[in-house]
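Colleague: Kindly generate the corresponding structure for this input.
(one chain, ligands or ions: 1)
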Amino acid sequence: MEKMWAGRFQKETDSRVNDFNSSISFDARMYRQDIRGSIAHATMLGEVGILTPEDVQAITDGLEEILSELQSGALTPDPNAEDIHMFIEAELTRRIGDAGKRLHTARSRNDQVALDLRLYLRDEVNTLLPLLRELIETLCRLAEQNADTVMAGYTHLQRAQPITFGHHLMAYAGMLLRDISRLSDAEERMEECPLGSGALATTTYPIDRARTAKLLGFRAPVANSLDGVADRDFCIELTAALALLMTHLSRLSEEIILWCSWEFRFIELDDAYATGSSIMPQKKNPDVTELIRGKTGRVIGDLVTLLTMMKGLPLAYNKDMQEDKQAVFDAFDTARLCVSTMTPMLATCRVKKENMRAAAAEGFLNATDCADYLVRQGVPFRDAYKVTGGLVARCIETGHTLETLPFAEYHAAHEAFGEDIYQAIALDRCVAGRTVYGGPAPESVLAQVAAVREKLTGEKV
Ligand code: ARG
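Modeller: Residues are numbered from 1 along each chain as shown. Presented below is the predicted three-dimensional model:
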């Protein structure tokens, strides 16, 4: 195929350079956005009198035909083309002749690709957000069902204080809500249109950048043409938001892996979301969650790729920037896949409430409540803390829990203890008493669920 830029050259490009240079294998997925952008560009060129109405019509019809053929599979991108932009323009020219050659007037692939990528990523965000909302709603439903499921809360992975499973799940709902807000926020900054920036310095043609921006649903054109073609901060921001989202999913995955273990036995995954072993007949493995945890590394890698790729680039466009697409596409593909697998897996898991409760009954989770009891009797907290520490040591020595330790031991440790200490340290009481805003008490969990749902149905989170 003759190169579009063949005029300047005396030699054919080495075939290895052709392959090396080509991005069509990964940018072909932007064909819809490329065609949308070209139609808007041609429309504007027609409106300001740079193209005749006939040319605009031929271009628009031709591009729409190409779009529907690409969609149906009747036309496939030529792997030998340099990129999707060159392919579509060449295909258009093959079909409509000279009008096709006029499409690229007052445009460069540099503003074209900067536009296509923004349009593509806008669509990606709009696909991912509903999936994330669904995941959050699944967490809410599970939390509602487990608003009073007592469970051990951990710090340092050591049993710390009693909470409810619903409370634990709603922590993730909060994180994911912020992920939605980060993605929407980054998308909002992407609402500026680079088209018309040209290669770097706009054009002497009287193009109307505000018009193309409007036609393509942008708030405004990018205010500086160099900035329009030279930055990829939108890719970086979005990938950073995705890396963080994945980090949240990875932490939840890690917990699910622990909870499924024989040591915890807090939940059991549905058979449809677990896998077996080729040799060990007893195994039921949480592969899905392990893969999510593993794939988080990829997305973090994508972010590092983008930052490293950009950090030394002089303005404006540099070919290095072609590398942006694989990284940001991979980040979106991975996050989309992980979110949409996590949701049904969580929705179908079985919660073993008895085991959660049993684990919360051991490990002195109520020690803080025991100290708090003394504080209510007028003992300063530090003293109460020390006395309780002594009681825990006694329990360990004598094989007791705070619930089974004889009252004589309490009385010997501090005279402020009354027989009602046993009620004060009862597990349900310790949980139910934590009605503070944002706490683990069942009513507080239900309030959290309601608040999250309200945010989810709102325009913005
Ligand atoms: N395939 C290129 C990319 O993804 C399109 C822009 C090419 N521009 C250029 N001046 N070579 O970045």
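Colleague: Next to the ligand in this structure, residues from this protein, please.
Modeller: Residues of the chain lying close to the ligand by CB under 6 Å from any ligand atom are 23, 27, 83, 109, 110, 113, 317, 319, 321, 322. Quick note: C-beta positions are derived from backbone N, CA and C, even for glycine.
Colleague: quick one: contacts for the fourth one?
Modeller: Going back to what we said before, that points to residue 109. 83, 85, 86 (CB atoms under 8 Å, 6 or more residues apart in numbering).
Colleague: what residues are up against the first one?
Modeller: Spelled out, that is residue 83. With CB under 8 Å, 6+ apart, residue 83 has these contacts: 22, 23, 24, 27, 109, 113, 322.
Colleague: Can you give me the pLDDT of residue 461?
Modeller: At residue 461, the pLDDT value in this model is 61.
Colleague: residue boundaries of the strands in this protein?
Modeller: Using DSSP state E, the strands of the chain run over 150-155, 158-164, 192-193, 220-221, 267-268, 350-351.
Colleague: which one of these has the most crowded surroundings?
Modeller: strand 192-193 (a mean of 22; mean count of other CB atoms under 10 Å).
Colleague: can you list contacts of that strand?
Modeller: In contact with strand 192-193 (CB under 8 Å, 6+ apart) are residues 115, 118, 209, 212-213, 216, 218-223, 228.
Colleague: who wins for most neighbours among these?
Modeller: When neighbours are counted by other CB atoms under 10 Å, residue 115 leads these with 31 neighbours.
Colleague: residue contacts, that residue?
Modeller: Neighbouring residues of residue 115 by CB under 8 Å, 6+ apart: 33, 37, 193, 194, 195, 216.
Colleague: For the residue lying closest to the second one once chain neighbours are set aside, give its distance to residue 66.
Modeller: Read that as residue 37. In this structure, residue 37 finds its nearest non-sequential neighbour in residue 115, 4.8 Å apart by CB to CB, 6 or more residues apart in numbering. Separation of residue 115 from residue 66 (CB to CB, to the nearest Å): 18 Å.
Colleague: CA atoms of stretch 403-422 as CSV?
Modeller: What follows is stretch 403-422 as a C-alpha-only set of coordinates in CSV (Å, rounded to 0.1, in the frame of the first residue of the first chain):
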residue,chain,number,x,y,z
GLU,A,403,-17.5,-14.5,79.9
THR,A,404,-16.6,-17.6,81.9
LEU,A,405,-14.1,-16.1,84.3
PRO,A,406,-15.5,-16.5,87.8
PHE,A,407,-16.7,-13.3,89.5
ALA,A,408,-14.3,-13.7,92.3
GLU,A,409,-11.5,-13.1,89.8
TYR,A,410,-13.2,-9.8,88.7
HIS,A,411,-13.7,-8.7,92.3
ALA,A,412,-10.1,-9.5,93.2
ALA,A,413,-8.9,-7.4,90.3
HIS,A,414,-11.0,-4.4,91.1
GLU,A,415,-13.7,-3.7,93.6
ALA,A,416,-15.7,-1.6,91.2
PHE,A,417,-16.8,-4.7,89.3
GLY,A,418,-20.4,-5.8,89.9
GLU,A,419,-22.2,-8.9,88.8
ASP,A,420,-23.6,-7.0,85.9
ILE,A,421,-20.1,-7.1,84.2
TYR,A,422,-21.3,-10.2,82.4
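Colleague: ok, back up a step: of the contacts of residue 109, closest to the ligand?
Modeller: Checking these against the ligand with CB to the nearest ligand atom, the nearest one is residue 83 at 3.7 Å.
Colleague: returning to what we had before: what's the ChimeraX line that selects buried ones from the residues of the chain next to the ligand?
Modeller: Burial among the residues of the chain next to the ligand is assessed by 16 or more other CB atoms under 10 Å; the matching ChimeraX selection reads:
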select :23,27,83,109,110,113,317,321,322
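Colleague: which one among the residues of the chain next to the ligand gets closest to residue 348?
Modeller: Taking CB to CB as the measure, residue 348 lies nearest residue 27 of these, at 37.6 Å.
Colleague: Go ahead and confirm that closest one touches residue 84.
Modeller: Yes. With contact defined as CB atoms under 8 Å, residue 27 counts as touching residue 84 (4.7 Å).
Colleague: ok, residue 266 - contacts?
Modeller: When contacts are counted by CB under 8 Å, 6+ apart, residue 266 touches 151, 165, 258, 259, 260, 351, 352, 355, 356, 359.
Colleague: Quick check, pLDDT for residue 280.
Modeller: In this prediction, residue 280 has a pLDDT value of 83.
Colleague: burial measure for it, as a count.
Modeller: 9.
Colleague: distance of it from the ligand?
Modeller: Note on residue 280: its distance to the ligand, by CB to the nearest ligand atom, to the nearest Å, is 48 Å.
Colleague: Could I get the phi/psi values of that residue?
Modeller: Reported as degrees, to the nearest 10, the phi and psi values for residue 280 are phi -100, psi 110.
Colleague: same thing with residue 195?
Modeller: When read as degrees, to the nearest 10, the backbone of residue 195 gives phi -60, psi 140.
Colleague: Run a quick neighbour tally on it.
Modeller: Around residue 195 there are 31 other residues, counting by other CB under 10 Å.
Colleague: what sits against it?
Modeller: 37, 40-41, 107, 111-112, 114-115, 209, 212-213, 216, 221.
Colleague: Format those as a markdown table; extra columns: pLDDT and distance to residue 74.
Modeller: What follows is the contacts of residue 195, written out as a markdown table (pLDDT from 0 to 100; distance: CB to CB, whole Å):
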| residue | pLDDT | distance to residue 74 |
| --- | --- | --- |
| 37 | 98 | 22 |
| 40 | 98 | 24 |
| 41 | 98 | 25 |
| 107 | 98 | 27 |
| 111 | 98 | 29 |
| 112 | 98 | 24 |
| 114 | 98 | 29 |
| 115 | 98 | 26 |
| 209 | 98 | 34 |
| 212 | 98 | 29 |
| 213 | 98 | 32 |
| 216 | 98 | 26 |
| 221 | 98 | 35 |
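Colleague: Residue 113 is in contact with residue 85, isn't it?
Modeller: Yes. The criterion here is CB under 8 Å, and residue 113 meets it with residue 85 at 6.6 Å.
Colleague: and for those two, which residues touch both?
Modeller: Any residue near both residue 113 and residue 85 by CB under 8 Å, 6+ apart counts here, and that gives residue 27.
Colleague: before we move on, back to that, as CSV, the contacts of residue 115 with distance to residue 387 would be great.
Modeller: Output for those, formatted as CSV (distance: CB to CB, whole Å):
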residue, distance to residue 387
33, 68
37, 72
193, 68
194, 68
195, 72
216, 70
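Colleague: which residues of this protein score low on pLDDT?
Modeller: For the chain, the stretches with pLDDT under 70 are 1, 459-461.
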